[in-house]
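Chemist: Sequence first, then the predicted structure, then my questions.
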Amino acid sequence: MNEKEAAIVELIRRNPYLSQQEMAESLGISRPALANLISGLMRRGIIRGRAYILAEENRVVAIGGANVDRKFHLKASAQAGTSNPSTVSSSVGGVARNVAENIGRLGHPVSLLTVAGNDADWQRIEQATAPHVELSHAALLPGRTTGSYSAVLNPDGEMAIALADMDVYDDLSPDYIDAHAPVIQGAALAVIDLNCPKETVSHVQELSRQSGTELAVVPVSSPKMDRMPDDLDGITWLICNRDETETFTGIPVEDESSWKEAVRFLLKKGVQNAVVTAGAKGVMAGNADGIRHFPAISEVRVEDVTGAGDAFVSGLLHGHLSGLGFDEKIRCGLVNAAKTLASDATVRPELSAQQLKSEMEELR
Ligand SMILES: Nc1ncnc2c1ncn2[C@@H]1O[C@H](COP(=O)(O)OP(=O)(O)O)[C@@H](O)[C@H]1O
Ligand SMILES: O=c1[nH]cc([C@@H]2O[C@H](COP(=O)(O)O)[C@@H](O)[C@H]2O)c(=O)[nH]1
């Protein structure tokens, strides 16, 4: 292949929807010259043909963070201004990545759109994630550092402080999304986390609306709630924990009635299905047909809380993709969260669709 042909192939790989006019303009050649080059590529079987691409049933795309999580377990209560003896453990995380791994383990084809540094942390993420998630669209940025989340935990397990180095996600930009638009347009469901900048969230919302891709929005923390789009129309699922909900709605969630009011607030803003989780108290969830409380699974042994929220989201979306009724979708989330709390892993390695199905029967 010569240089021009290679450039054409790269353009098509990035966006198979480009017209010949757009390709010619982008390469700075005339349209007839482009047509000649394309027929050459077709004769040699490098381009197979032009096709309308149908959304692959149940293909999911997750957009957002892929981090390395580090936990420092202090041997005595934290003292400022000195070195504190501790043991450290680490694992792979990031909300979008956690959800993608859960969904992949549950048997759905899933791609991750993310950005990272070209470093050892990314290699670790890739090794743990690639068996379950398609990663070919992840952009490795020279000179950038892969996202990381470091929590310092007191001896009783409570967090003293957590440090998030997630500057790399500033580059999860609308331009990056445009370069991978067909991945979103061809998916049945897109899941975006709020590690993404606000303009990226709105851009994905617009693209999904145009292509009829369902959209789930998953916040990552209360300070990042200012990245929520101004208008929530076209969001199929919004799943927030209590802190995130209070920050966004301004409604203190203190009892069943204020909890319900917060869900109603989200629905009024245009979300189709809204869920507010509250740890051991369970979730308040609803849509235009009504809002109701679902208790958490009570018989859980809490081993490690990391990843429970992401497991809830993933179980719920698995129920949604499997065409279950509303209450069963929520139950899929509750069961997956409970089983993840009882595991020291962020995404439990035994998870599969069959496993979750039998756990749902066992906990009925
Ligand atoms: N102590 C607990 N006992 C039972 N279930 C829990 C407990 N903590 C969390 N969960 C489950 O995990 C889900 C998410 O937890 P939550 O703390 O609300 O969100 P996040 O982890 O995102 O902050 C809850 O809806 C619930 O189903
Ligand atoms: O600003 C952020 N904080 C935390 C996370 C991720 O959130 C997960 C912890 O989730 P939970 O709060 O559900 O335990 C970790 O994997 C961490 O990397 C993130 O993506 N972005």
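Modeler: That came through fine. Ligands and ions are numbered 1, 2, ... in the order given.

Chemist: how about Ala116, phi and psi?
Modeler: The phi/psi pair for Ala116 (degrees, to the nearest 10) reads phi -150, psi 170.

Chemist: wait, Ser39
Modeler: Torsion angles, degrees, to the nearest 10, at Ser39: phi -60, psi -30.

Chemist: For it, give its distance to Ile8.
Modeler: Distance of Ser39 to Ile8, given as Cβ to Cβ, to the nearest Å: 11 Å. Placement of C-beta: from N, CA and C, glycine included.

Chemist: between the two, who's got more neighbours?
Modeler: Neighbours per residue (other Cβ atoms under 10 Å) separate Ser39 from Ile8, with Ile8 holding more: 24 against 11.

Chemist: what pLDDT does the more buried one get?
Modeler: Ile8 carries a pLDDT score of 93 in this model.

Chemist: before we move on, what about Leu194?
Modeler: Note for Leu194: predicted pLDDT of 98.

Chemist: quick one, what contacts it?
Modeler: Going by Cβ atoms under 8 Å, 6 or more residues apart in numbering, Leu194 touches Gly64, Val201, Val217, Val218, Pro219, Val220, Ser221, Lys224, Met225, Arg227, Met228.

Chemist: top of those by neighbour count?
Modeler: Gly64 (29 neighbours).

Chemist: Distance check, that residue against ligand 1.
Modeler: Gly64 sits 14 Å away from ligand 1, going by Cβ to the nearest ligand atom, to the nearest Å.

Chemist: That residue contacts Thr200, doesn't it?
Modeler: No. Assessed by Cβ atoms under 8 Å, Gly64 is found out of contact with Thr200, at 9.1 Å.

Chemist: so what sits against both of the two?
Modeler: Leu172, Ile192.

Chemist: Inside strands: which ones of the contacts of Leu194?
Modeler: Per DSSP state E, strands hold the following members of the contacts of Leu194: Val217, Val218.

Chemist: Using pLDDT, spot the least trustworthy of the contacts of Leu194.
Modeler: Ser221 (93).

Chemist: How about the residues of the stretch 251-364 of the chain by ligand 1?
Modeler: 277-280, 282-283, 296, 300, 302, 308-309, 312, 334, 337-338, 341 (Cβ under 6 Å from any ligand atom).

Chemist: can we see that at 8 Å?
Modeler: 277-283, 296-298, 300, 302, 305, 307-312, 333-334, 337-338, 340-341 (Cβ under 8 Å from any ligand atom).

Chemist: Can you flag the buried ones in these?
Modeler: Neighbour counting with 16 or more other Cβ atoms under 10 Å marks 277-278, 282-283, 296-297, 300, 307-312, 333-334, 337-338, 340-341 as buried within these.

Chemist: tell me which element the spatially most central residue of the chain falls in.
Modeler: Note on the chain: the residue nearest the mean C-alpha position is Ala96, at 2.6 Å, using Cα atoms, centre = their mean. Per DSSP states H and E: Ala96 is located in helix 95-105.
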